[in-house]
Each structure stands twice: as structure tokens, then as C-alpha cells.
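Peer 1: Sharing a model prediction with you, sequence too.
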Amino acid sequence: MRPVDGADHVWFCNRHSMYAQLVDSDTAKAANRGDDWTQYPDVDGVVVGHGDERQGGEIVYFRAK
């Protein structure tokens, strides 16, 4: 994964066409697989999973619709 230019705490994986975003734990826990993801306004996304806790938050993985 590579950082997305101009976006804090957002990465993109070209191989899997998937984004990762570090958000607070409450936001991550409220997001379920298949939910719309609007926390990153540049992409109309859908949640595909959760990741590890990092830097006081949690990783949410999402893809563009």
C-alpha cells in the first residue's frame, strides 16, 4: 500500500484496488462489511473489512463502488 497524495491516514493498494484508512475506534466499530464508506470524501466507497489498531485508531479497508 502507498499513501494517497494529499490525504492523511489513507493508503491505496494497486494490486487489490483497495483503500485503507486510519480512523478512530468508534468509527471503525460502527462500520460493517458492505456498508457505505463516506469518511474519505474523494471515493464513493464500500467497507470490505477491518484491520489492526494503529496510532490510537483502527484501520478500515474499503473499495470504490
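Peer 2: Thanks, I have it.

Peer 1: Isn't S25 up against E58?
Peer 2: Yes. Using CB atoms under 8 Å, S25 is in contact with E58, at 5.0 Å. C-beta coordinates here come from the backbone N, C-alpha and C atoms, glycine included.

Peer 1: The two: which is more packed in?
Peer 2: Taking other CB atoms under 10 Å, S25 and E58 do not tie; E58 has more neighbours (20 against 11).

Peer 1: got a list of what that one touches?
Peer 2: Counting by CB atoms under 8 Å, 6 or more residues apart in numbering, E58 makes contact with L22, V23, D24, S25, A28, K29, H50, G51, D52.

Peer 1: Just checking the distance from the helix or strand where V47 lies to the centre of its chain.
Peer 2: Element membership for V47, per DSSP states H and E: strand 45-54. Computed by CA atoms, centre = their mean, to the nearest Å, the chain-centroid distance of strand 45-54 equals 5 Å.

Peer 1: Can you name the next helix or strand after that strand?
Peer 2: Downstream of strand 45-54, the next assigned helix or strand under DSSP H and E is strand 57-64.

Peer 1: Direction included, what does that following strand pair up with?
Peer 2: strand 18-23 (antiparallel), strand 45-54 (antiparallel) (DSSP bridges).

Peer 1: Most tightly packed of the ones you listed?
Peer 2: Among the strands paired with strand 57-64, strand 18-23 has the highest mean neighbour count (mean count of other CB atoms under 10 Å), at a mean of 20.
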